[in-house]
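[1] model this:
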Amino acid sequence: MTEALLAERVAMPPGAQPATKSRFEMLMSPKEHEMHHRGQLMLVQRMIGLVPHLTRRQQERMAQPHR
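    Numbering: from 1, shown residues only. Sure, this is the predicted structure:
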């Protein structure tokens, strides 16, 4: 998509606030929602004693010797 297309304003349903959003904002909303739930899942994993997969991968990389 071009920057111009992503910048276009789209009307929201009547009563919605804000009344318009850019196409870029509309694409980012589901991604932000996904990240919110991913954070919730990682918190629950930590609460029950599990190490979330992304944390585990980072720990493995940090344990490798630097070249």
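[2] show me where the protein has its strands.
    With strands called from DSSP state E, the chain shows them at 9-11, 20-22.
[3] let's have those strands in TSV, adding mean neighbour count and mean pLDDT.
    For the C-beta atoms, the positions are set from N, CA and C on the backbone; glycine is no exception. Below are the strands of the chain laid out as TSV (neighbours: other CB atoms under 10 Å; pLDDT from 0 to 100):
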stretch	mean neighbour count	mean pLDDT
strand 9-11	10	95
strand 20-22	14	96
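[4] who wins for proximity to residue 39 among those strands?
    Closest approach to residue 39 among the strands of the chain is made by strand 20-22 (23.3 Å; CB to CB).
[5] against which helices or strands is the closest one packed?
    Where contact means 3 or more CB pairs under 8 Å, 6 or more residues apart in numbering; DSSP states H and E, strand 20-22 is packed against strand 9-11.
[6] quick one: low-confidence parts of this structure?
    Filtered on pLDDT under 70, the chain yields the residue ranges 67.
[7] and residue 40, how far from residue 30?
    Distance, residue 40 to residue 30, using CB to CB, to the nearest Å: 16 Å.
[8] before we move on, back to that, among the strands of the chain, which is nearest residue 48?
    That would be strand 20-22 among those, by CB to CB, at 37.5 Å.
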